[in-house]
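> Fold the following and give me the result.
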Amino acid sequence: MHPLAAGARRLADTARGHPTVVDAVLAAAVAAFTVPQLVYWWRQPDGFWVRLVLSALLVAPLAWRRRFPLGTFAFACAVALVQFTLNVSLAADIALFVYLYTVASRRRVRVALLAAAVLEAGVVLAAIRWNLAGAL
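Below is the predicted model of the structure:
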């Protein structure tokens, strides 16, 4: 076996044995993705603290997504609803897709489709509110 393949196999075996650690690393990676947006808002006169708290509430539960797939998905959707109500767009919303993946990979198809419909409704509402197509 090639040394690179053997190393990848050892890493995969270690990851399977420590899923919470893997999920915490995933949460850290998603949090890192949000940093540029938060740095931008840090320099603005207002809006930083709301974005920081909402981002943290979206990202932190990723560490428990495997143990509580529906609970973390529902919590993240509730946070996204608060965010929508406050008219705040966040880079941390990418975490919602991780939660959806988790529900889809761990629950029955019916539950996964319902979760996907909930998330899609949120995406459509966000696209209408923030005109995301014109943001590029």
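> residue contacts, the most centrally placed residue in the chain?
Centroid check for the chain by C-alpha atoms, centre = their mean gives A95 as the closest residue, at 0.8 Å. For A95, the contacting residues are V30, L58, V59, L62, A76, by C-beta atoms under 8 Å, 6 or more residues apart in numbering. No exception for glycine: its C-beta is placed from N, CA and C like everyone else's.
> Can you tell me what sits against the longest helix along the chain?
If you go by DSSP state H, the chain has its longest helix at helix 19-42. The contact list for helix 19-42, computed with C-beta under 8 Å, 6+ apart, reads 15, 47-48, 51-52, 55-56, 59-60, 62-67, 90-92, 94-95, 98.
> Could you give me the buried positions within that helix?
D23, L26, A27, V30, A31, T34, L38, W41 (16 or more other C-beta atoms under 10 Å).
> what's the answer for stretch 41-55, then?
For stretch 41-55, burial by neighbour count (16+ other C-beta under 10 Å) applies to W41, R51, L52, L54, S55.
> farthest-separated two in those?
Of all pairs drawn from those, the greatest distance, 11.0 Å, lies between W41 and L54 (C-beta to C-beta).
> Run through the strands of this protein in chain order.
In the chain, no segments count as strands under DSSP state E.
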